[in-house]
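1. Take a look and give me a structure for this.
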Amino acid sequence: MSLSLGTVQTSLESLSVCTKKNQLLNNAKSIDLKFKDKTSVEKRASQARARNRVLSAERDASVLISDRDILPSNTTLHAIDRSVVDVWRKAMHELLSAYKQAVQVAETRSAHKDAWEAAFSYLHESEVGVALSDLGTSPRQPMVHAMRVAKIKIGQPRPLADRRFLVEAIWLTIHIRLLMTDLTVAWLEAVSARTGNGNNPTQQLSWANYIGFLYKSCLRDAGVAFDVAKDSESHRQLSKTALYQMRISLEEFRFDIIMCKMTDQFKEQEQRLGSAERASCLRKEAEELMRTTIAQHREKKTSVEEMDWLETNFTSVARDIVVEWARIERSIRMDTFYQPVSLEERIAIVKALNFCKQPAVFVFFKRGDSRTPPRPAHAGHYYNCPNGHMFVITEVREWELTRCVIGNEYADLDVVRRGESGGKMPRV
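-> Reported below is the predicted structural model:
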C-alpha cells in the first residue's frame, strides 16, 4: 500500500495545477456555450435524491466515493451539459486517474489482515460455542469473555499499519477532490463571465450542485478517515483528519459566498445577514473542534516532542482557519471585498517538514558551494520571499538561504520579511 500511495503522490507532484487552470480558462473562452438544457425537473429531483443516497451511505472504509460518482458526465447524479463535459474531462484526466488509483489503494485488503481477522473470527466462535455448551459454568458475559480469550489465543495484536495507510489514502482522495473543486470553480466563474451571471441559471445551478457534491463527499470521507484513525488509535492521524474537516468546511462556505455574489443574492440584506450568522456559527464550531482536538491529543500524548508536533501540524493551521472564519463574517456583515487567504502554502510546508518523501520546497545553499544542502529538520519561522512565497528557515548553521526556486521563479533572498502569521515553527 505504501508503494502504491507513493506512486499516486508522485503523479500528483508532477502535475501543474496552474497549467491545468489556465487550460480550463482558455477552454472557457473558446468553447461553444450554446447549452441545450434537456434535463427535466423530475430528472433533476431524481439526481438530487441519488446524490443524497451516495452521501448518506453507511460510513465504511470499504465504500468510499467512487471515481464514477465524481464525474459530471454521470447523469444518474449530475446534470452538466454534454457540450462542456468532454472539455472538462480532458483537462481533469490526470486528477481523475490519480483519484481512481487512490480509491483502489484505500479499498485494498492485505493478506495478513485477512488472515488475522479469519483467525480471530474462528477462535471467537469457538469460545462462544464452548460457553454455550455448558451454561452452568459459562462466564456471566460470554461474548466479552470469548473476545478476550480469542485475542489471547491469537498471540498478536490486530495489524494496524494497513489501517494507517488507509487513512493516508483517504487523505489523498480528499486532496484530489479539493484540487478539482478549485479548478471547477475557476471554470464556472469564467463561463459565467461569458454568458453573464444569471443568463444561464440552469447550468450555473448544475455546476453549483456538482461542486457542492464534491465538498460534501470530502466531508463524508473525512469522517470515514476519522473513524479509521480512531479505531487504530493513531492520535496524529486523528488530529490531521480534524484539520482536513476544518478546511473542507471553510472551502465549502467560501464557494457559497462566490455563488451568492454570482447570483446577486447579497444585494438582499436579509440574505447577507443570514450568511454572516451562519459564518459565525461555523467559526464557533471550528473553534470548538480545535480545542477538542488539542485537548484529546494532549490527553494521550504528553511529551515535549509531541506538543511541538501538534503545534506545527495542527494548532498553527487550525488557528489560521478560525481567523479566516472571522474575516469572512466581518466581510459579509460590512459588505466589503473579501480576498480568500490560501491555506495551501501553510499546509504544504507542514507536509514538507513532516510527511513528504520528497525534499522540501525551500532550498538552502552555501554561497559558492555546489553541494546538495541538508534537508532542514529543526526550529524556524515562517517568512515571505520577494516573490510572495512562504517558506521556513530552520537550523541553517553554515548554510545560507540565497534564492527562491518555487515555481521556477528566482529571487534574491538577502532581504525577506516575516510571514503575516509570525508563527514559530516548533521542532519536528
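2. in terms of contact, does I328 touch F253 like I think?
-> Yes: I328 is within contact range of F253, at 6.9 Å (criterion: C-beta atoms under 8 Å). C-betas here are computed from N, CA, C, even on glycine.
3. which residues are in contact with both of those two?
-> A279 (C-beta atoms under 8 Å, 6 or more residues apart in numbering).
4. what about the helices in the stretch 151-300 of the chain?
-> Remark: helices assigned in the stretch 151-300 of the chain by DSSP state H, counting those that start in this stretch are 161-195, 201-231, 235-262, 269-300.
5. burial count for W325?
-> W325 has 23 neighbours, counted by other C-beta atoms under 10 Å.
6. part of a strand, is it?
-> No: under DSSP: H, G, I helix; E, B strand; the rest coil, W325 falls outside any strand and is assigned helix.
7. what's the spacing between it and E168?
-> 27 Å (C-beta to C-beta, to the nearest Å).
8. same question, L135
-> Taken as C-beta to C-beta, the span from L135 to E168 is 47 Å.
9. quick one: which of those two has more around it?
-> Under the criterion of other C-beta under 10 Å, the comparison of L135 against E168 puts E168 first, with 19 against 8.
10. isn't that one right up against V8?
-> No: applying C-beta under 8 Å as the test, E168 and V8 come out as separate, 10.2 Å apart.
11. check contacts around T302.
-> T302 touches nothing, counting by C-beta under 8 Å, 6+ apart.
12. Any figure for the gap between it and H235?
-> For T302, the distance to H235 (C-beta to C-beta) stands at 11 Å.
13. can you tell which of the helices of the stretch 151-300 of the chain is closest to S16?
-> helix 161-195 (11.3 Å; C-beta to C-beta).
14. Contact partners for the closest residue to A326 other than its chain neighbours?
-> Once flanking residues are discounted, A326 sits nearest to R283: 6.0 Å by C-beta to C-beta, 6 or more residues apart in numbering. Residues in contact with R283 (C-beta under 8 Å, 6+ apart) are V322, W325, A326, E329.
15. same thing but 10 Å
-> Counting by C-beta atoms under 10 Å, 6 or more residues apart in numbering, R283 touches L250, F253, I321, V322, V323, E324, W325, A326, R327, I328, E329.
16. In space, what's closest to Q271 - neighbours in sequence excluded?
-> Per C-beta to C-beta, 6+ apart, closest to Q271 is Q265, 4.8 Å.
17. For burial, what's the neighbour tally of the one you found?
-> 16.
18. any weak-confidence spans in the stretch 101-250 of the chain?
-> 109-114, 116, 157-161, 195-200 (pLDDT under 70).
19. Let's see that with 80 instead.
-> Low-confidence segments of the stretch 101-250 of the chain (pLDDT under 80): 107-120, 122, 124, 127, 130-142, 150-151, 153-164, 191-203.
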